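Undergrad: return a 3D structure for these sequence lines:
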Amino acid sequence: MTTQPPADASLIPPPGCPAHGLGPDGLRRLYGPEAEADPMGLYEKLRGEHGAVAPVLLHGDLPAWLVLGHRENLIAMRTPSTYSRDSRRWTAFQENQVAPDSPLMPMVAWQPLCVFADGAEHKRLRGAVNDSLGMFDRRGIRRHVTRFADQLIDGFAAAGSVDLVSQFAEQLPMLVMTQLLGMPEEYGPRLVEAARDLMKGTETALASNDYVVTTMQQLVERKRVAPGPDLASWLLQHEAELSDDEVMQHVRLVLIAANETTVNLIADTLKMVLTDHRFRANLSGGHMTLPDALDQVLWDAPPLSAIPGRWATGDTELGGQKIKEGDLLLLGLAAGNVDPAVRPDLTTPLYGNRSHLAFSSGPHECPGQDIGRAIAETGIDILLTRLPDLQLAVPEDELRWTSAWLSRHLAGLPVRFTARRPKPASAAETTAEVAAPVPAAAPVAAPEPLPVVEQAQRRSWWSALAARFRRK
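TA: Alright, predicted model coming up:
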């Protein structure tokens, strides 16, 4: 829920108090009630005060730089020789300024991961991740999404109403990911809770991270003995010879990153379908597709608002600011996507334009973005095909978000629809394989064209929605 300021001005905490938006030195905090109430508003304040790169404070009032400019973000992302991913370079770590129980630790403490490596070590680890993710067959992923989406929809189809965030968007990605990682699907609900909590930077983030790590360690131990067609097994078998700890850490990374980003992508795209007038107008005219809607959301509401981080390898300059060796840079994806230098008019549609920052760029660009898009696109497609008369059940201005230092999460999306009977179970759906191996070098390609009959079926919900919008 959005935090409202106290009515009594005497209760407002003074500058320097952790609850206030300003630190003792006047720098703006990226955590606390004020920052979480309106992160995009905070980004624009910082842009107005400092330009493309702004000094900010993270949890514990640790100093960092927030990169707000689109161009400046790309420079930081694409220049590892100047902006390293090795967090051990951070001055705050070297000077013991980061408390062991800091909520920043799950996201910034160095780990044997490709996202914390540069050069040859990054190439070794990232190559194993790319090859292993590339072994998933897109059709196999779609079968899993279809099966779990149908199961979720069957759970509320007869009710005629549902919260699409808690009962659909927050459940589907983790159910699919448990299968891709080689885990029992009953692990999903607890992992959803833990993965989201550690991303928020809460007081319980470390405990949630410990739960995820323990679960992943147990998974790797099982797969070392009994491998299968899944990510954990493929990483263990890769020629890069990753240690068990390296495999565990990368499986954890994929799980957390894929879940949070795909949950937000599904939720925000469904909100757009139900509320955005640009979507309605283009839908009625027959010009927008579901991939177009996803592209627009990735520009307007990237699944992660910011990414930590990059650490300066030496004294340098970025966006007019003097960056010192060991300084931490936080990549502002949401802020960079609305940089006036690249988007002077935020109302102009960007369908098909994928130069957004949502998946980062450069050597550390998200390796699983195609899988995330496949889960979101297929899941939303199935939902709208089965429930084509979805309508928002509350006024749009009553929708609320919860915000943390890295992401903004739609708290709920209550809808109503014509109640329907659950879909009869299909033997093909209940026996679908996790994945079919393909050559390791093959990338995850775009889905093959659907048969003509299936194309017609998939167009039906667009037609139904278009007709309903035209009647309004």
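Undergrad: tell me which strands and helices the helix or strand hosting residue 382 is in contact with?
TA: Counting by DSSP states H and E, the element that carries residue 382 is helix 369-386. Packed against helix 369-386 by the contact rule (3 or more Cβ pairs under 8 Å, 6 or more residues apart in numbering; DSSP states H and E) you find helix 138-156, helix 172-181, helix 244-275, helix 290-300, helix 452-471. C-beta here means a position set from N, CA and C on the backbone, and glycine is covered the same way.
Undergrad: residues in contact with residue 39?
TA: Contact partners of residue 39, counting by Cβ atoms under 8 Å, 6 or more residues apart in numbering, are 305, 334, 403, 408.
Undergrad: so for the last one, what's the pLDDT?
TA: Put plainly, it is residue 408. Reported pLDDT at residue 408 in the predicted model: 87.
Undergrad: same question for the second one.
TA: Predicted confidence (pLDDT) at residue 334: the value is 96.
Undergrad: is it in contact with residue 302, as I believe?
TA: Yes: Residue 334 is in contact with residue 302 according to Cβ atoms under 8 Å; the separation is 5.4 Å.
Undergrad: and the two? Which one has more around it.
TA: With neighbours defined as other Cβ atoms under 10 Å, residue 334 and residue 302 compare such that residue 302 has more, 27 against 22.
Undergrad: and that one, how close does it get to residue 369?
TA: Separation of residue 302 from residue 369 (Cβ to Cβ, to the nearest Å): 11 Å.
Undergrad: state the helix or strand in which the residue nearest to residue 240 when sequence neighbours are not counted lies.
TA: Residue nearest to residue 240 in three dimensions, not counting chain neighbours: residue 128, with 4.2 Å by Cβ to Cβ, 6 or more residues apart in numbering. Applying DSSP H and E as the criterion places residue 128 in helix 119-133.
Undergrad: what residues of that helix count as buried?
TA: 122, 124, 125, 126, 128, 129, 130, 131, 132, 133 (16 or more other Cβ atoms under 10 Å).
Undergrad: report the inter-axis angle for that helix versus helix 244-275.
TA: With axes from the mean of the first three to the mean of the last three Cα atoms, to 10 degrees defining the directions, helix 119-133 sits at 60 degrees from helix 244-275.
Undergrad: give me the helices and strands touching helix 119-133, please.
TA: helix 231-237, helix 244-275.
Undergrad: and those helices: which comes nearest residue 92?
TA: Closest to residue 92 of these is helix 244-275 (Cβ to Cβ; 22.0 Å).
Undergrad: return the set of buried residues in stretch 98-118.
TA: For stretch 98-118, a neighbour-count test (16+ other Cβ under 10 Å) marks 98, 102-109, 111-118 as buried.
Undergrad: look at the residue nearest to residue 21 when sequence neighbours are not counted and report its pLDDT.
TA: Closest residue to residue 21 apart from its sequence neighbours, by Cβ to Cβ, 6+ apart: residue 34 at 3.4 Å. pLDDT recorded at residue 34 is 81.
Undergrad: does residue 34 lie in a helix or a strand, and which?
TA: Using DSSP H and E, residue 34 falls in helix 33-37.
Undergrad: so the helix holding residue 128 versus helix 172-181, what angle?
TA: Counting by the same axes, to 10 degrees, helix 119-133 lies at 100 degrees to helix 172-181.
Undergrad: and the closest residue to residue 300 other than its chain neighbours, what is it in contact with?
TA: Nearest non-adjacent residue to residue 300, counting by Cβ to Cβ, 6+ apart: residue 337, 7.3 Å away. Residue 337 makes contacts with 70, 299, 300, 302, 343, 356, 357, 358, as judged by Cβ under 8 Å, 6+ apart.
Undergrad: next up, phi/psi of the fourth one, please.
TA: Read it as residue 302. phi -60, psi 140 (degrees, to the nearest 10).
Undergrad: spatially nearest residue to it, not counting backbone neighbours?
TA: Using Cβ to Cβ, 6+ apart, the nearest residue to residue 302 is residue 358, at 3.8 Å.
Undergrad: check the contact between that neighbour and residue 336; I expect there is one.
TA: No: using Cβ under 8 Å, residue 358 is not in contact with residue 336; the gap is 9.7 Å.
Undergrad: could you report the pLDDT at the closest residue to residue 161 other than its chain neighbours?
TA: Among residues not flanking residue 161 along the chain, residue 416 sits closest, at 4.6 Å (Cβ to Cβ, 6+ apart). pLDDT, residue 416: 97.
Undergrad: report the contact partners of residue 416.
TA: Per Cβ under 8 Å, 6+ apart, neighbours of residue 416: 160, 161, 390, 391, 393.
Undergrad: ok, now how distant is it from residue 123?
TA: Computed with Cβ to Cβ, the distance linking residue 416 and residue 123 is 51 Å.
Undergrad: could you do residue 365 as well?
TA: Here residue 365 is placed at a distance of 14 Å from residue 123 (Cβ to Cβ).
Undergrad: in the stretch 101-250 of the chain, what spans have low per-residue confidence?
TA: Applying pLDDT under 70 to the stretch 101-250 of the chain flags residues 199-202.
Undergrad: same thing but 90
TA: The model of the stretch 101-250 of the chain has pLDDT under 90 over residues 101, 103, 105-107, 111-112, 137-140, 174, 178, 182-213.
Undergrad: the helices and strands packed on helix 119-133 into JSON lines, with extra columns for mean neighbour count and distance to residue 196?
TA: Shown next, in JSON lines, are the helices and strands packed on helix 119-133 (neighbours: other Cβ atoms under 10 Å; distance: least, Cβ to Cβ, whole Å):
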{"stretch": "helix 231-237", "mean neighbour count": "23", "distance to residue 196": "20"}
{"stretch": "helix 244-275", "mean neighbour count": "23", "distance to residue 196": "7"}
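Undergrad: nearest to residue 48, of the ones you listed?
TA: The nearest among the helices and strands packed on helix 119-133, by Cβ to Cβ, is helix 244-275 at 25.7 Å.
Undergrad: just how off-centre is that closest one within its chain?
TA: On the basis of Cα atoms, centre = their mean, to the nearest Å, helix 244-275 sits 5 Å off its chain's mean C-alpha point.
Undergrad: that helix vs helix 290-300, what angle?
TA: Going by the same axes, to 10 degrees, helix 244-275 makes 100 degrees with helix 290-300.
Undergrad: residue 228 touches residue 182, doesn't it?
TA: Yes: Residue 228 lies in contact with residue 182 (Cβ under 8 Å); the separation is 5.4 Å.
Undergrad: more neighbours, those two?
TA: Shown here are residue 228 and residue 182; by other Cβ under 10 Å, residue 182 has more neighbours (22 against 12).
Undergrad: residue 231 is in contact with the more buried one, correct?
TA: Yes: contact criterion Cβ under 8 Å: residue 182 and residue 231 qualify, at 6.8 Å.
Undergrad: which parts of this structure belong to which domain?
TA: By the assignment in automatic domain parsing, the chain contains the domains 1-104+307-357, 111-304+364-472.
Undergrad: gap between residue 378 and residue 385?
TA: Distance from residue 378 to residue 385, by Cβ to Cβ: 10 Å.
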